[in-house]
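K.L.:
Prediction below, plus the sequence it came from.
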Amino acid sequence: MKLICVGGTSSGCGKTSVVSLLLQALPGWAAVKVTPSREDGVCPHGEPCSACVPPEAGYEVVTGPEILSKFGKDTARFMESAPSRVAWARAPTERIPEALESALAEFPDAPGAIIESTTAMPVVDGLRILVTRVGLTEVKDSARRAAESIDLLAVNVEANSDWERVSMVPRLRELAPRAEIVRVCAVLPPEDAMNTGFIAAVRLAVDGWFGDSGTPRGN
């Protein structure tokens, strides 16, 4: 199975919107949302949703639409583009590989899957995309670690932004010195002129990463 992992430099950068955009551009693909649990069970965003509480079984994979389609959840947005092909995995960091394997097994006929998680990026054997937005100064620790191995740095811009000026921001190159910097406007459809370059870069990178069988090249 071909894999794309999408992470973000901080909250508000638009990574969920980028995943939704990719699901529109890649029909048939599945989506997996990964939420790292915390030993203290305290949500870093202050939400009383208990999503960060460690699962009793070590990790949990949710595929039931009654939970995934709840208004306001990232997974609800994914289901609009990929009905019946969305899973939510909760696990402590050390058990994310197991949780991901279990979640991906839910979609044996999918040509690929898009994983939304910054924490999981180092363990995903696939194309890695880090999303940022010009003007955001915060870069969380998991994003700094992921930036060392990402393939694409996707800068989520406003419609009609001056890309030539945006792409010259020194911080972007400092953040990911080896990655290709691409523009994306996640509020617009994939066929919009502002997104065609991003979609083309993703398709090219995926084709270069994976063989015809969906197995990473070199494996």
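P.N.:
Thanks, I have it.

K.L.:
Check which residues of the longest helix anywhere in the chain are buried.
P.N.:
Across the chain, the longest stretch assigned as helix under DSSP state H is helix 196-209. Neighbour-count burial for helix 196-209, counted by 16 or more other C-beta atoms under 10 Å, picks out 198, 199, 201, 202, 205, 206, 209. Yep, even glycine has a C-beta here, placed from its N, CA and C like the rest.

K.L.:
for it, packing partners?
P.N.:
strand 2-8, helix 15-25, strand 127-132, strand 152-156, strand 180-184 (3 or more C-beta pairs under 8 Å, 6 or more residues apart in numbering; DSSP states H and E).

K.L.:
Dump these into CSV; add mean pLDDT, distance to residue 75 and mean neighbour count as well.
P.N.:
Below are these laid out as CSV (pLDDT from 0 to 100; distance: least, C-beta to C-beta, whole Å; neighbours: other C-beta atoms under 10 Å):
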stretch, mean pLDDT, distance to residue 75, mean neighbour count
strand 2-8, 96, 14, 25
helix 15-25, 95, 9, 23
strand 127-132, 95, 18, 27
strand 152-156, 94, 20, 24
strand 180-184, 93, 21, 19
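
K.L.:
Of those, which is nearest residue 169?
P.N.:
Nearest to residue 169 among those is strand 152-156 (8.3 Å), distances taken as C-beta to C-beta.

K.L.:
Can you tell me what sits against the helix or strand just after that closest one?
P.N.:
Sequence-wise, the next helix or strand downstream of strand 152-156 (DSSP states H and E) is helix 163-166. Helix 163-166 has contacts (C-beta atoms under 8 Å, 6 or more residues apart in numbering) with 134, 155, 157, 183.

K.L.:
since we're on the first one, how many residues are nearby?
P.N.:
Residues within reach of residue 134, counting by other C-beta atoms under 10 Å, total 16.

K.L.:
Using a markdown table, lay out the helices and strands packed on helix 196-209 together with distance to residue 173.
P.N.:
As requested, the helices and strands packed on helix 196-209 are exported to a markdown table (distance: least, C-beta to C-beta, whole Å):
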| stretch | distance to residue 173 |
| --- | --- |
| strand 2-8 | 18 |
| helix 15-25 | 20 |
| strand 127-132 | 12 |
| strand 152-156 | 9 |
| strand 180-184 | 7 |
